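In: Show me the folded form of this:
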Amino acid sequence: MNKDHSLRNPHLPILIGLIASALLISIPAGLSIRANRQLGNSFHWVQHTLDVKRQTERLLSLLVDAETGERGFLLSKRDYYLEPYWAALKQLPSQIHDLQDLTSDNQVQQENVHALSPLITTKLEVMARNISLSQSGKGEGADAIPLGDRGKQVMDAIRARLVLIDSEETRLLASREESLSSNFKQNSALLFGIILLNGAFAGVMLKIFHRLQNIRNLVTVCAWSHKVEYQNEWMPFEEYLKRRFKINCSHGISPAEFARMFPDLEEEPQQSSGKV
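Out: Numbers count the residues shown, from 1 in each chain. Predicted structure coming up:
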């Protein structure tokens, strides 16, 4: 008789098991890598937003320091009061540049920074003019009044622009924190799913191993005598069922029932037996 294709290829279940193993390992691993990238990206943008907010605070702090130094000098005429002014004057250009770089991904923020830069330049020019007038003895005259008003107007404009920048970053921060929270929840759900999938994988592998154990001892079926070779002993099929599967039956399987159960097995008169 012809042998069943699956039984003629005893390594087929092993191959199927290996393929299933590869899929069950690679798919969760790929999903996990993708989720971690999304989570890392969300962390990056939250940190980026916080960096921009800190940079705006730094700019305002430097301008306030410069203004404080200017006022201290105008009141006392003592040069050491100008130390915060000179320190701020040295740092402000690089700080503006850093803010511009940090907001390069956002067109709205770029417009705000472009509008802020000339305001800061004007504010520094007004302070420099006030200091120069004071040093020349003209700081108390009529020329100082318009400059004082102008300095306040420019500083108010700077504060307003910094508020716009900070408000935009606050909006972005809320959105990015929500995205971070969502990605974290998705990662948690994915981790739980991977655990379940691994459990399913273990169950599948146990089933495959069980099937392999069942077919490890090959059985030879004689097409004419309906006897079975099991554990190096020929026996009636009824005895095989009893020993192998603990099934008791009083008569053998009829040829018609055998053909129904094993349609792919065809009798070959020239061949007395075959491997299952």
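In: So residue 124 sits against residue 91, correct?
Out: No: contact criterion Cβ atoms under 8 Å: residue 124 and residue 91 do not qualify, at 11.8 Å. Just so you know, the C-beta spots here come from the backbone N, C-alpha and C atoms, and that holds for glycine as well.
In: the more surrounded of those two?
Out: Set residue 124 next to residue 91 and count neighbours by other Cβ atoms under 10 Å: residue 124 wins out with 19 against 15.
In: Helix or strand: which one has that one?
Out: If you go by DSSP states H and E, residue 124 is part of helix 107-135.
In: got the angle for the next helix-or-strand element following that helix vs helix 107-135?
Out: Counting by DSSP H and E, the element after helix 107-135 in chain order, helix or strand, is helix 144-216. Angle of helix 144-216 versus helix 107-135, following axes from the mean of the first three to the mean of the last three Cα atoms, to 10 degrees, is 150 degrees.
In: Just list what helix 144-216 packs against, helices and strands only.
Out: helix 12-76, helix 107-135 (3 or more Cβ pairs under 8 Å, 6 or more residues apart in numbering; DSSP states H and E).
In: Kindly recompute the last result at 10 Å.
Out: Counting by 3 or more Cβ pairs under 10 Å, 6 or more residues apart in numbering; DSSP states H and E, the packing neighbours recorded for helix 144-216 are helix 12-76, helix 83-102, helix 107-135.
In: Can you name the residues that contact the spatially closest residue to residue 155 that is not a sequence neighbour?
Out: Spatially, and ignoring its direct neighbours in sequence, residue 155 is nearest to residue 123 (6.0 Å; Cβ to Cβ, 6 or more residues apart in numbering). With contact set as Cβ atoms under 10 Å, 6 or more residues apart in numbering, residue 123 has these partners: 63, 66-67, 92, 150-155, 157-158.
In: Over to residue 122?
Out: Here residue 122 is in contact with 150-151, 153-155, 157-158 (criterion: Cβ under 10 Å, 6+ apart).
In: ok, now with 6 Å
Out: residue 154 (Cβ atoms under 6 Å, 6 or more residues apart in numbering).
In: that older thread, Throw the contacts of residue 123 into JSON lines and include pLDDT and neighbour count, thanks.
Out: Below are the contacts of residue 123 laid out as JSON lines (pLDDT from 0 to 100; neighbours: other Cβ atoms under 10 Å):
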{"residue": "63", "pLDDT": "94", "neighbour count": "23"}
{"residue": "66", "pLDDT": "94", "neighbour count": "24"}
{"residue": "67", "pLDDT": "92", "neighbour count": "19"}
{"residue": "92", "pLDDT": "93", "neighbour count": "21"}
{"residue": "150", "pLDDT": "82", "neighbour count": "16"}
{"residue": "151", "pLDDT": "83", "neighbour count": "20"}
{"residue": "152", "pLDDT": "87", "neighbour count": "13"}
{"residue": "153", "pLDDT": "90", "neighbour count": "14"}
{"residue": "154", "pLDDT": "92", "neighbour count": "21"}
{"residue": "155", "pLDDT": "92", "neighbour count": "20"}
{"residue": "157", "pLDDT": "94", "neighbour count": "17"}
{"residue": "158", "pLDDT": "94", "neighbour count": "19"}
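In: quick check, nearest of those residues to residue 131?
Out: Among those, residue 66 lies closest to residue 131 (Cβ to Cβ), at 10.3 Å.
In: is it true that that closest one touches residue 86?
Out: No: applying Cβ atoms under 6 Å as the test, residue 66 and residue 86 come out as separate, 8.6 Å apart.
In: Sketch out the low-pLDDT regions of the stretch 1-150 of the chain for me.
Out: In the predicted model, the stretch 1-150 of the chain carries pLDDT under 70 at residues 1-18, 20-29, 31-32, 35, 39, 138-148.
In: how does it look with 80?
Out: Applying pLDDT under 80 to the stretch 1-150 of the chain flags the ranges 1-43, 137-149.
In: so how many other residues sit close to residue 237?
Out: Neighbourhood size, residue 237 [other Cβ under 10 Å]: 20.
In: was I right about it contacting residue 243?
Out: No: assessed by Cβ under 6 Å, residue 237 is found out of contact with residue 243, at 10.9 Å.
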